[in-house]
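[1] everything below, folded, please.
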Amino acid sequence: MLSTVLQFFASLSLLIILHEFGHFIAARMFGVRVKKFYLFFDFLFPFPNLANFSLFKKKVGDTEYGIGWFPFGGYVQMAGIMDESMDEEELKQPAKPDEFRSKPAWQRLIILLGGIIVNLLLAVIIYTCLSWVYGKDTLPNSALENGYYVDEFGETLGLQNGDIVTKVGDNEVEDAMQVRALLFEDVIDKIEVDRNGELVVLSVTKQFYIDLFDNQEAKPIILEPALSPVIYELMDGPLKQSGGQVGDKILAVDTVEVKFFQEVTQIVRGGSYSPGDTMVLRMLRNGTDTLTVYPVFDESGLLGFAPKIPYVHEEISFGEALIEGPRKTWNTLAAYIGQFKLIFDSDIKGYKHIGGFGTIASFYSGGFSWASFWSKTAFISIILAFMNLLPIPALDGGHALFTIYEMITRRPPPEKFLQYAQTIGMLLLLFLMLYANGMDVFRWLFR
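    From the prediction side, this is the model:
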């Protein structure tokens, strides 16, 4: 739990600083005076005059650098800009040469998009470095000895254990670990599988997505590469403490025979085991000896082991990484946009399943590794870029939209309109923030 919180806090802080630095450096480049550069808000967002307090602040030149107390964002306050930190008295005066509003529209647009650009560049840099340092692990269908494992949700599509998925919608499957992600890039209408050498086309209806979203608490697998329940990696947890060893193969869980690793995880998830509860595992050791162990669950609710995933590892040169980084960034962004669209689907009602900071923090659960931390940081950076690009007043995208309107019509929107739009946008952001985080609390209380 502590590791999850620390990782989330470190990642969020880094992303906020770099996002605001994108605005800051663009503003300075065009001669705009920056009054404040803050990590976290020094007020109760979105109310700039409420609960003003800084944990740290230091003025250097014209700019006050500081750390606020409200840890869910940050900001750069530029002279002469209409945003959440605007100085209304200043805006009533004639524009000065070093103010944001005195600059040409194209310069203001670059300043407004500076944070988004930095977030996307950061994702490209991280994915490029990860590819170069760690290489690329893929799981082609040819590496699957047992095909795919299918749960009850997958069975509603007509999928069977052992199927090899060759196509999801119109996308050819190149990496088996990406099949579930492809299911959510858009609402697809078919899946193609190789079943014992025969090509079978299965229909996917919208009802599948409706049922899936309505049962998110069950954490459905749908389909995954079928993995053998052989202990490949053993963490310090209930299974190790009860005598489990690397190489042991789980044959049965509480008298239920299992063939795949996924069956073990489903029993653990669905068993409502509490700390102190005991599970009975029958296992095979050294290929001949049968033994029984009795792991006692702790607060994690996990047994503490991982199976071997037959990845095909590929070393990547720096030149190849320069291509892989942007490709991974684009694919991740496209996949997220596809999932985001489901929020507005009147049948699927994805808006019921959005989450706030708790949901984002949960991405960092499951231990720490540098590769995992930076990969998740890149993903959150892409989300931050996309969300800030939404055309909502008070977000970068909303300000950019009004600036583009000015560039096209050669006249700015009326100042009164901008003030009303800013107020409405801030209230909308407040509602969305309360709703998303409220959903996290609701799920935590009633899960």
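[2] distance from the chain centre to the host helix or strand of residue 179, please.
    Assigned by DSSP states H and E, residue 179 falls within helix 179-183. A distance of 15 Å separates the centroid of the chain from that of helix 179-183, by CA atoms, centre = their mean, to the nearest Å.
[3] stretch 342-354 too?
    Centre-to-centre, stretch 342-354 and its host chain are 17 Å apart (CA atoms, centre = their mean).
[4] which is the succeeding secondary structure element to the helix holding residue 179?
    strand 190-195.
[5] just the angle between the helix or strand just after that following strand and strand 190-195, please?
    The helix or strand immediately downstream of strand 190-195 is strand 198-203, counting by DSSP H and E. Interaxial angle of strand 198-203 relative to strand 190-195 (axes from the mean of the first three to the mean of the last three CA atoms, to 10 degrees): 150 degrees.
[6] could you list the buried residues of strand 198-203?
    By 16 or more other CB atoms under 10 Å, the buried positions in strand 198-203 come out as residue 202. Glycine gets a C-beta too; all of them are placed from N, C-alpha and C.
[7] that strand pairs with which strands, and in what direction?
    Within its sheet, and counting by DSSP bridges, strand 198-203 is paired with strand 190-195 (antiparallel).
[8] tell me how far the partner strand lies from the chain's centre.
    Centre-to-centre, strand 190-195 and its host chain are 28 Å apart (CA atoms, centre = their mean).
[9] same thing with stretch 169-178?
    With CA atoms, centre = their mean, you get 20 Å for stretch 169-178.
[10] how far away is the spatially closest residue to residue 135 that is not a sequence neighbour from residue 340?
    Leaving aside its sequence neighbours, residue 135 sits nearest to residue 315 (CB to CB, 6 or more residues apart in numbering; 4.7 Å). With distances taken as CB to CB, to the nearest Å, residue 315 is found 34 Å from residue 340.
[11] who has more neighbours out of the two?
    Neighbours per residue (other CB atoms under 10 Å) separate residue 315 from residue 340, with residue 340 holding more: 15 against 10.
[12] hmm, that one is touching residue 383, no?
    No. If you go by CB atoms under 8 Å, residue 340 and residue 383 don't touch, sitting 9.2 Å apart.
[13] please enumerate the helices of the stretch 101-250 of the chain.
    Counting by DSSP state H, counting those that start in this stretch, the stretch 101-250 of the chain has these helices, from start to end: 105-134, 152-155, 179-183, 206-214, 238-241.
[14] between those helices, which one is nearest to residue 45?
    Ranking the helices of the stretch 101-250 of the chain by proximity to residue 45 (CB to CB) places helix 105-134 first, at 16.0 Å.
[15] can you name the element that comes right after the helix or strand that residue 25 is a member of?
    Using DSSP H and E, residue 25 sits within helix 2-29. Remark: after helix 2-29, the chain's next helix or strand is strand 34-41, criterion DSSP H and E.
[16] just checking: what are the partner strands of that next one?
    Strand 34-41 has the following strand partners under DSSP bridges: strand 63-68 (parallel), strand 70-78 (antiparallel).
[17] contact partners of the last one?
    Contacts of strand 70-78 with the rest of the structure, by CB atoms under 8 Å, 6 or more residues apart in numbering, involve 9, 12, 16-17, 19-20, 23-24, 27, 32-45, 51, 68, 83-85, 99-100, 111, 357, 433.
[18] taking the residues you listed, please make a ChimeraX selection of just the buried ones.
    Selecting the buried subset of the contacts of strand 70-78 in ChimeraX, with 16+ other CB under 10 Å as the burial test, is done by:
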select :12,16,17,19,20,23,24,27,32,33,34,35,36,37,38,39,40,41,42,43,45,68,83,84,85,99,100,111,433
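[19] picking up where we left off before, just want the angle from the helix holding residue 25 to strand 63-68.
    Relative orientation of helix 2-29 versus strand 63-68 (the same axes, to 10 degrees): 160 degrees.
[20] let the chain start at 683 from now.
    Happy to do that; since the first residue is 683 now, the last one works out to helix 684-711.
[21] quick check, residue 790 in contact with residue 1085.
    Yes. Assessed by CB under 8 Å, residue 790 is found in contact with residue 1085 at 5.4 Å.
[22] tell me which helix or strand of this protein sits lowest on mean pLDDT?
    helix 770-774 (a mean of 68; mean pLDDT, DSSP states H and E).
[23] so which of the strands paired with strand 716-723 is the most packed in?
    Of those, the one with the most neighbours on average (mean count of other CB atoms under 10 Å) is strand 752-760, at a mean of 21.
[24] how far off helix 787-816 does that strand point, in degrees?
    Using the same axes, to 10 degrees: strand 752-760 against helix 787-816 is 130 degrees.
[25] which residues does the nearest residue to residue 780 once chain neighbours are set aside contact?
    Nearest residue to residue 780, sequence neighbours excluded (CB to CB, 6+ apart): residue 715, at 4.2 Å. Residues near residue 715 by CB under 8 Å, 6+ apart: 744, 760-761, 780-781.
[26] at 7 Å instead, please
    Applying CB atoms under 7 Å, 6 or more residues apart in numbering, we find residue 715 in contact with 744, 761, 780-781.
[27] repeat for residue 966
    For residue 966, the contacting residues are 930-931, 933, 972, by CB under 7 Å, 6+ apart.
[28] out of residue 790 and residue 1085, which sits in the more crowded spot?
    Ranked by neighbour count (other CB under 10 Å), residue 790 and residue 1085 place residue 790 first, with 26 against 21.
[29] quick one: that one and residue 782 touch, right?
    Yes. With contact defined as CB atoms under 7 Å, residue 790 counts as touching residue 782 (6.3 Å).
[30] can you show me the helices along the stretch 983-1129 of the chain?
    Under DSSP H, counting those that start in this stretch, the stretch 983-1129 of the chain gives helices at 1000-1023, 1039-1044, 1052-1071, 1078-1091, 1097-1128.
[31] could those helices go into JSON lines alongside distance to residue 878?
    As requested, the helices of the stretch 983-1129 of the chain are exported to JSON lines (distance: least, CB to CB, whole Å):
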{"stretch": "helix 1000-1023", "distance to residue 878": "31"}
{"stretch": "helix 1039-1044", "distance to residue 878": "39"}
{"stretch": "helix 1052-1071", "distance to residue 878": "36"}
{"stretch": "helix 1078-1091", "distance to residue 878": "50"}
{"stretch": "helix 1097-1128", "distance to residue 878": "41"}
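[32] hey, which of those helices is tucked in deepest?
    Ranked by mean neighbour count under mean count of other CB under 10 Å, the helices of the stretch 983-1129 of the chain are led by helix 1052-1071, which reaches a mean of 19.
[33] fine by me, we can end here.
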